[in-house]
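Trainee: have a look at this fold, sequence not included:
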């Protein structure tokens, strides 16, 4: 029998029987405070605004938890109820106490879309009675009154139990009241385990506190787990040439191939190589300067090919097991059709000219930002609908993943509206937020619905920075809704030790990105150790592909492509690496390397444990001790462990919590499958 949800959204209240409701006027000496005994707080998962949806993934474990407590010493119980939005029937699940008033229940979502859950808490009268009877009996005290109390409790709840238990309860009640029997035997009868478990799952009829409903959005797995590879089709001669590169990308084990904008590029104020102000004939310009006489966001640059070529590219990617992600960049070149047809959609300077994009001292004369909040509300409606139509256009072409350019420069209200529309029609669409901005803004974009987000990983390079940021991503409050995608580099960013870095540094950063988070990605050329910055104070690449074609030799003997393929193969073999919240750092001596583990569950139900030890010193050398938290991993200090290095193929025999580690330039990391030696045939 369910308990009716009477609480407002995201509130914690108690249901008080009418005869005990306080006088609203406060007359007669009665108080206006609701009679709430059980408190529910710190509910997880949730979002800061308590209205937007937290995130879950089909087929992946989700823990619902809360603090549930009451005054005094009575035992409390809790349960979670879960359902897809719009459905009437709830699925109930009892919550388990973790101690210190924290309760949790694990569930595995089975379908896409919007869901909701509530948490109920109540004083468990039967469990309280059991505790009191045991304590008094153990102390040799009289329990006659307690036996009668137990009989009355069971009688009162008998009608809520299944028929097969109701008859057993009737017999137990009779024994509790049978004074010819030994009191201890009568008490033992009242402690029947099956009956006790059933009674403890029955919420209080009158005073059950309900928290919620809380919103959950359930995505498909690719929204949380994946390996991305970014390439510019124009550097391969267009879409046909890029399609010929797809077997290489698939061979490296990537799941998603991401293309920067493939739309026509404007000629007005077109940028030349190195972001110079004057382009020469033949310069290709920036693909983010979208729009020309050949069309806008719903067109393909003729230099790249036709829609038939794009469809062939999608088909080849699908044949190879790759998904295609497109760039959704809501900005225009001065030549975009929208500039001519809807000048009211852009901001104008005092002299009447349209304001181009700038982030002083940087200027982007080839790009006009869109004004998403024009003075006329009718113009806003038309603009927002036009942007949605662009996304719908490419969804209709078969694209289900989009990397969204600079979402933090558009109103949150716009994204809330657009994402709600897309989710209602296409719940399988994945949106990656490219917002390298302030934490609160990044988190707000995730909160209102972006599937996953770029992160600060690119700039977190020291041991302390990596540990602190990993803890934040995996266990911080934002982990309920902020899904990280870790990229060591992008076309815009060559940062940290990658700048003029050695091959082993690129391996270090790849291992970190591929194993710290469930999603990671690289921009093409990473495997070829492209490491030359534009200047000492500029994070962009020298000879940036954003402004010119790039011709690469993928047979370069320095290539670390085999390492990337190894990492992606390891990720697919180990469900532990698809997890984020099981990330656990282990102490190491010195600051030259970090150690962390993850655990997941295999299809057969076994625990999968992966231990990563990786250097963070650009010299490539590190040595010291790793101290494993064996208890947290479900292991014991005196049992031998089998440690298989997935990168080198070496096997190490490990016993005890401490192990010596030595990393070199030729072996900058270990990715270890850790098992009990007794479990290895």
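Mentor: That came through fine. Given the structure is predicted, the values throughout are model-derived calculations rather than measurements.
Trainee: for the lengthiest helix in the chain, buried residues please.
Mentor: Longest helix in the chain by number of residues (criterion: DSSP state H): helix 377-396. Residues 380, 383, 384, 386, 387, 388, 390, 391, 392, 394, 395 are the ones in helix 377-396 that count as buried (16 or more other CB atoms under 10 Å). For every residue, glycine as well, the C-beta is placed using N, CA and C.
Trainee: for residue 575, give me its contacts.
Mentor: Contact analysis of residue 575 by CB atoms under 8 Å, 6 or more residues apart in numbering lists 600, 601, 602, 608.
Trainee: typed the wrong thing, it's residue 280
Mentor: residue 272.
Trainee: hang on, it in a strand?
Mentor: No: counting by DSSP: H, G, I helix; E, B strand; the rest coil, residue 280 is located in no strand; its state is coil.
Trainee: ok, it to residue 364 distance?
Mentor: According to CB to CB, to the nearest Å, residue 280 and residue 364 sit 19 Å apart.
Trainee: for the host helix or strand of residue 369, packing partners?
Mentor: Using DSSP states H and E, residue 369 maps to strand 368-369. On a contact count with 3 or more CB pairs under 8 Å, 6 or more residues apart in numbering; DSSP states H and E, strand 368-369 meets strand 331-332.
Trainee: state the mean pLDDT of the strand it packs on.
Mentor: For strand 331-332, mean pLDDT rounds to 97.
Trainee: helices or strands next to it in the packing?
Mentor: Using 3+ CB pairs under 8 Å, 6+ apart: strand 331-332 touches strand 368-369.
Trainee: what ranges does the protein have for its helices?
Mentor: 125-138, 144-157, 163-176, 183-190, 193-200, 239-251, 307-319, 337-341, 377-396, 412-425, 439-447, 463-475, 503-516, 561-573.
Trainee: mind giving me the packing neighbours of the longest helix of the chain?
Mentor: By 3+ CB pairs under 8 Å, 6+ apart, helix 377-396 packs against strand 323-328, helix 412-425.
Trainee: excluding chain neighbours, give the residue nearest to residue 102 in space.
Mentor: Take residue 102 and drop its neighbours on the chain: the residue closest to it by CB to CB, 6 or more residues apart in numbering is residue 67, 5.8 Å away.
Trainee: tell me the spacing between that neighbour and residue 154.
Mentor: For residue 67 relative to residue 154 (CB to CB), the value is 29 Å.
Trainee: give me the more crowded residue out of those two.
Mentor: residue 154 (23 against 16; other CB atoms under 10 Å).
Trainee: from what I can see the more buried one touches residue 172, true?
Mentor: Yes: counting by CB atoms under 8 Å, residue 154 does reach residue 172; the two are 6.4 Å apart.
Trainee: okay, and the common contacts of these two?
Mentor: 190, 195.
Trainee: test my guess that residue 74 contacts residue 122.
Mentor: No: counting by CB under 8 Å, residue 74 stays clear of residue 122, with 9.9 Å between them.
Trainee: how close does residue 121 sit to residue 202?
Mentor: 13 Å.
Trainee: and the two? Which one has more around it.
Mentor: residue 121 (29 against 19).
Trainee: where does the stretch 201-350 of the chain have low pLDDT?
Mentor: Judged against pLDDT under 70, the stretch 201-350 of the chain has no low-scoring part.
Trainee: quickly list the domain ranges of this protein.
Mentor: 11-218, 228-331+389-573, 578-679 (automatic domain parsing).
Trainee: ranking the ones you listed by burial, who's on top?
Mentor: Of all the domains of the chain, domain 228-331+389-573 has the most neighbours on average by mean count of other CB atoms under 10 Å, namely a mean of 19.
Trainee: distance check, residue 415 against residue 69.
Mentor: 38 Å.
Trainee: picking up where we left off before, average model confidence for the longest helix of the chain?
Mentor: 97.
Trainee: for that helix, what is the distance to the chain centroid?
Mentor: 27 Å (CA atoms, centre = their mean, to the nearest Å).
Trainee: what does it contact?
Mentor: Contacts of helix 377-396 (CB under 8 Å, 6+ apart): 297-298, 326, 328, 330, 338, 342, 344-345, 370, 372-374, 402, 414, 417-418, 421-422, 425-426, 429.
Trainee: switch the cut-off to 6 Å
Mentor: Applying CB atoms under 6 Å, 6 or more residues apart in numbering, the external contacts of helix 377-396 come out as 297, 298, 326, 330, 344, 345, 374, 418, 421, 426.
Trainee: got it, and stretch 79-90?
Mentor: Contacts for stretch 79-90 (CB under 6 Å, 6+ apart): 64, 91-95, 105, 114-120.
Trainee: can you check stretch 70-77 too?
Mentor: 37, 38, 68, 121, 123, 124, 127, 128, 200.
Trainee: beta partners of residue 218?
Mentor: Taking DSSP bridges as the rule, residue 218 bridges to residue 56, residue 113.
Trainee: quick one: strands adjacent to the strand holding residue 369?
Mentor: Short version: by DSSP bridges, strand 368-369 pairs with strand 331-332 (antiparallel).
Trainee: residue 573: what's its closest spatial neighbour, skipping adjacent residues?
Mentor: residue 646 (7.8 Å).
Trainee: so that neighbour makes contact with residue 570?
Mentor: Yes: here residue 646 reaches residue 570: they are 4.7 Å apart, a contact under CB atoms under 6 Å.
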